[in-house]
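Trainee: Fold the following, please.
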Amino acid sequence: MGVRVIIIGAGISGLSLAASLMEKEGIEDITVLESSRRAGGKVWSERAEGYILEGGVNGFLDNKPTTLELASKLSMTPYRSSDEARKRFVVSDGLLRRLPESPPAFLRSPLMGVMGKLRLALEPFIPPLSPEKEESLADFGRRRLGREAFEKLIDPMASGIFAGDPEKMSLKHCFPRINAMEQQYGSLIRAMIKLTAERKKSVSAAPGGTLTSFEGGLGDMTQALREHVGDRLRLASGVSSIDKTSSGYKVLLVDGTTMEADTVALACPAYSASGILSHLDKSVAKEMSRVYYPPLSVVALGFRKDRVGIPLDAFGFLIPFREGRKILGTLYDSSVFLNRAPEGMALLRSMAGGARNPAVAELDDRKLTDVVFSELRDITGLRADPEFVRIYRHEHAIPQYNLGHGALLEAVDALERKHKGIYVTGNAYRGVSFNDCIANSMGLSERISREMG
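Mentor: Predicted coordinates:
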């Protein structure tokens, strides 16, 4: 008799897990339960008035094979970003400064002052932190790179990826590659020099690869997965709890109906998983309830290109917290992916809110649009009025991997050991990116097939 699997959550994690399990021998039945009426979770693409809009993440880096392999299995063609997307800016003292892409460019850049550059040059002589100690991203940045480099380079990266507070974010869990480079080589600069020599190509502490999406946005993949999974997916099917039975697990739905399975994989947000698991395992449910998801709003504005009055041949810009602005940054979406706006129009997408300024995300539509437009005019010199506005709101946006995140991972591991057949995945645990979610689900699929088959 084959294994019956229930997957709770139809975001990219749950859908890719289901697609992978469909290929495994011994899996008799798969059901994906999604509480909302839309699959895809934070991946949210929409066509409107000739624009292709992303309500959340706008792409993935092509440096991880699992996402491209999944796209190939779904007969999807990746859509690469334009060369203009390589040009990125940071706001410094109210001005847009290009982020240098090489050591010579960095030395010439006005982004940092002479003293900040000299302090950064001392990085190879700073001893590494003991591996037993956990450090915030802010403490790491100031210790290794100096205050100015932290404030102008590391801080905006934290906002751009996590919408987080670097004073609270765990370096080890948010940026494991950077943490590993320090531990292995004792210095980020030394690590990059050695790795560049070994691989005979430039190596950066930042993730490499080209930003990639699909012709109709990332939502093309969740739609293809939804079609691939077919009637195994049940929308508007929220789960209340999970109970053990003599042969497996009983899943109680919000509508009062029950389903039975040998394996249950929770691919839903941590706050949802907490409620579902509260009866089965109170301790892990408590750890999950501590994960903070700050609110975030995405404001997409469309402009006539001939009236914008500013150069848009770039990825966009991020804003350090020290600048005191009310937005986190802005992406020039129609320059990053060339089919995102109608002919003669430009699409700019700004993020507001996050862990350090959540109230901005919760402004009403008119006030939020006014705030974003005002900031854009002040920072860029934008002259045109928007001819298109669309707002996407995330009450619970990106899960924060704050100090102490390891306790959550230990609790999840203990849960899976204690309750055979219960598994946990999703962006709240071991990676928030699109690539991470797919790679983790593929790995989990192998585990389920091996352990339950």
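Trainee: Please make it C-alpha for all contacts and neighbour counts, starting now.
Mentor: Fine.
Trainee: wait, is residue 158 part of a strand?
Mentor: No. Counting by DSSP: H, G, I helix; E, B strand; the rest coil, one finds residue 158 to be helix, located in no strand.
Trainee: Test my guess that it contacts residue 167.
Mentor: No. Counting by Cα atoms under 8 Å, residue 167 is not a contact partner of residue 158; they are 10.1 Å apart.
Trainee: Which residues are in contact with the nearest residue to residue 85 once chain neighbours are set aside?
Mentor: Closest residue to residue 85 apart from its sequence neighbours, by Cα to Cα, 6 or more residues apart in numbering: residue 315 at 4.1 Å. Residues in contact with residue 315 (Cα atoms under 8 Å, 6 or more residues apart in numbering) are 84-89, 331-333, 335-336.
Trainee: rerun at 7 Å
Mentor: Contacts for residue 315 (Cα atoms under 7 Å, 6 or more residues apart in numbering) come out as 84-88, 331-332, 335-336.
Trainee: So residue 158 and residue 167 - more neighbours on which side?
Mentor: residue 158 (22 against 15; other Cα atoms under 10 Å).
Trainee: so what's that one up against?
Mentor: Contacts for residue 158 (Cα under 7 Å, 6+ apart) come out as 164, 166.
Trainee: quick one: it from residue 270, how far?
Mentor: According to Cα to Cα, to the nearest Å, residue 158 stands 21 Å off from residue 270.
Trainee: Now the residue nearest to residue 85, what are its backbone angles?
Mentor: phi -70, psi -40 (degrees, to the nearest 10).
Trainee: ditto for residue 90
Mentor: Backbone torsions for residue 90, taken as degrees, to the nearest 10, come to phi -130, psi 140.
Trainee: Just the helices from the stretch 201-350 of the chain, written as ranges.
Mentor: 219-229, 270-277, 282-289, 305-308, 333-336 (DSSP state H, counting those that start in this stretch).
Trainee: lowest-confidence stretch among the ones you listed?
Mentor: Of all the helices of the stretch 201-350 of the chain, mean pLDDT reaches its minimum on helix 305-308 (a mean of 92).
Trainee: Show me what that helix is in contact with.
Mentor: With contact meaning Cα under 7 Å, 6+ apart, helix 305-308 is reached by 344-346, 382-384.
Trainee: out of those residues, which is most surrounded?
Mentor: Within the contacts of helix 305-308, residue 346 tops the neighbour count with 25 neighbours, counted by other Cα under 10 Å.
Trainee: Show the contacting residues for that one.
Mentor: Neighbouring residues of residue 346 by Cα under 7 Å, 6+ apart: 302-305, 334.
Trainee: Tell me the one among these nearest to residue 103.
Mentor: residue 334 (29.2 Å; Cα to Cα).
Trainee: so what's the closest one up against?
Mentor: Contacts for residue 334 (Cα under 7 Å, 6+ apart) come out as 340-341, 346-347.
Trainee: Now intersect those residues with the strands, please.
Mentor: Of the contacts of residue 334, the ones assigned to strands by DSSP state E are 346-347.
Trainee: and the two most separated of the contacts of residue 334?
Mentor: It's 340 and 346 that sit farthest apart of the contacts of residue 334, by Cα to Cα, at 8.3 Å.
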